[in-house]
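Undergrad: A predicted structure for the sequence below; I have some questions about it.
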Amino acid sequence: MEKSQYNLCLEILRRFDNKGLLSDFILIGSWSIVFYEAYFKKKPDFALRTRDLDFLIEKPHAIKAKVDIPDLLKDLGFVVSFTGKGYMSLSHSELILEFLVPEKGKGVEKPVSLPTLGMNATALRFLSFLSENVIQIKVEDFKITLPHPVHFALHKLIVSQRPERKKDKAIKDRDAAVTIFKALIAKGDEVSLRKTFNKLPSNWQKMVIKGLDLSAEPQLQDILIT
Amino acid sequence: MPGVIKSVLEEELQNSLRMRKDYESALSKLPQGCLVEKEIRGHKYCYIVKREGHKILHLYKGKLSPEEIRKYKENKPLRAKYRHGLSKVKKQIRFLIGVLRGKESI
């Protein structure tokens, strides 16, 4: 990982913390793996990561702080970027910042406005599963919130089975899940893994098993099923 | 795995292409040139210095309000950041196109 990219990520987190926003955000996606190092006391062996720095906001309307995020990060060289459908992101040559919210009900095909933050967010399915169980990791003098690695790994396997998921992206999801699974087992977290798996709806369980099946990891399947 | 890496690189290329457009658009929105204050017979006058091809132009602006001067001064580091970002993104695009082409020359 480039040092400048990591330092930029830290600077963003530091600024969010200074504005009192960090407690409302959950860092998800491949960047959370970087910070799992503190949880596992060892760097998870997963090197493939894009520039996307994704933040999950579980309750967008509960955010009290009024902070214009594009303005907050402007001097770092971030520019506002829009996709065709109006989804907003903040782009920098090193990182792309996006906000996500859990999809509710039948779902929405348009961006969800975050008026207090001067941004909008993408609503996606299954994200509430990530916010169900979170951990806090101390970075410098602040704490960041991450999904519990058990939830992270199971979520990756579930989304990898979504029909709209591209084949290559699904493989990447499964690889990330397997990496975290193995790190959890090495840490002795099998019981927590099995408990969480057993609480999942049966169709989600099937997606997890299918995901592990495609990853050719029968021993991981055995750990979940036994 | 090679397919996965290729798709990640393709995604990154698309991101970089979008970013190039965004940086160019952000730069075009900033006022052009650099503000220079000259003191002539005890009075301060402002000039905008900008480059047009090989020529360096000094455009007379006269006396500007402190607000306008502040705006120009604020935009200077921002323009430098955007230019730096744009240059990096252009290098990334060249690199990614090269990698995705395989043995073809860039």
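TA: Arrived safely. Here the structure is a predicted model, which is why all the values come from computation and not from measurement.
Undergrad: Export the lowest-mean-pLDDT helix or strand in chain A to PDB, keeping only CA atoms.
TA: Least confident helix or strand of chain A, by mean pLDDT, DSSP states H and E, is helix A:218-225 with a mean of 83. Listed in PDB are the C-alpha atoms of helix A:218-225, where the atom choice follows Å, rounded to 0.1, in the frame of the first residue of the first chain:
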ATOM      1  CA  PRO A 218     -14.800 -27.400   2.300                       C
ATOM      2  CA  GLN A 219     -13.000 -27.100   5.600                       C
ATOM      3  CA  LEU A 220     -14.600 -23.700   6.200                       C
ATOM      4  CA  GLN A 221     -18.000 -25.100   5.300                       C
ATOM      5  CA  ASP A 222     -17.500 -27.900   7.900                       C
ATOM      6  CA  ILE A 223     -16.700 -25.300  10.600                       C
ATOM      7  CA  LEU A 224     -20.000 -23.500   9.900                       C
ATOM      8  CA  ILE A 225     -22.200 -26.600   9.600                       C
END
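Undergrad: Tell me how many other residues surround residue 61.
TA: Looking at chain A here, since you left the chain open. 9 (other CB atoms under 10 Å in any protein chain shown). Backbone N, C-alpha and C define where each C-beta goes, glycine included.
Undergrad: that answer is for a different chain, and I need it for chain B
TA: 17.
Undergrad: what about the nearest residue to it once chain neighbours are set aside, which SS state?
TA: Leaving aside its sequence neighbours, B:Lys61 sits nearest to B:Cys46 (CB to CB, 6 or more residues apart in numbering or on different chains; 4.3 Å). Following DSSP: H, G, I helix; E, B strand; the rest coil, B:Cys46 is assigned to strand.
Undergrad: in the sheet, who's paired with B:Cys46?
TA: Beta-bridge pairing for B:Cys46 (DSSP bridges): B:Glu37, B:Gly62.
Undergrad: List the beta-bridge partners for the spatially most central residue of chain A.
TA: For chain A, A:Ile28 is the residue whose C-alpha lies nearest the centre (CA atoms, centre = their mean; 1.6 Å). Judged by DSSP bridges, the bridge partners of A:Ile28 are A:Asp54.
Undergrad: Could you list every helix and strand that the helix ranked longest in chain B packs against?
TA: The longest helix of chain B (DSSP state H) is helix B:66-101. Judged by 3 or more CB pairs under 8 Å, 6 or more residues apart in numbering or on different chains; DSSP states H and E, helix B:66-101 is in contact with helix B:2-29, strand B:34-40.
Undergrad: Summarise which helices and strands the last one is packed against.
TA: To tie it back to what came earlier, the one meant is strand B:34-40. Using 3+ CB pairs under 8 Å, 6+ apart: strand B:34-40 touches strand B:43-52, helix B:66-101.
Undergrad: just to revisit the earlier point, separation between the residue nearest to the centre of chain A and A:Ala153?
TA: As judged by CB to CB, to the nearest Å, A:Ile28 and A:Ala153 stand 13 Å apart.
Undergrad: re earlier: test my guess that the residue nearest to B:Lys61 contacts B:Gly33.
TA: No. Contact status for B:Cys46 versus B:Gly33: not in contact, 10.7 Å apart, counting by CB atoms under 8 Å.
Undergrad: out of the two, which sits in the busier spot?
TA: Taking other CB under 10 Å, B:Cys46 and B:Gly33 do not tie; B:Gly33 has more neighbours (21 against 17).
Undergrad: Can you read off the pLDDT for the more buried one?
TA: At B:Gly33 the predicted local confidence, pLDDT, stands at 85.
Undergrad: next one: the one 10 residues further on
TA: Taken from the predicted model, the pLDDT recorded for B:His43 is 87.
Undergrad: In contact with it, which residues?
TA: By CB atoms under 8 Å, 6 or more residues apart in numbering or on different chains, the contact set of B:His43 is B:Lys63.
Undergrad: which residue packs closest to the most centrally placed residue in chain B, ignoring adjacent ones?
TA: What sits nearest the mean C-alpha location of chain B, by CA atoms, centre = their mean, is B:Arg83, with 2.9 Å. Leaving aside its sequence neighbours, B:Arg83 sits nearest to B:Leu27 (CB to CB, 6+ apart; 7.0 Å).
Undergrad: Sweet, I'm off.
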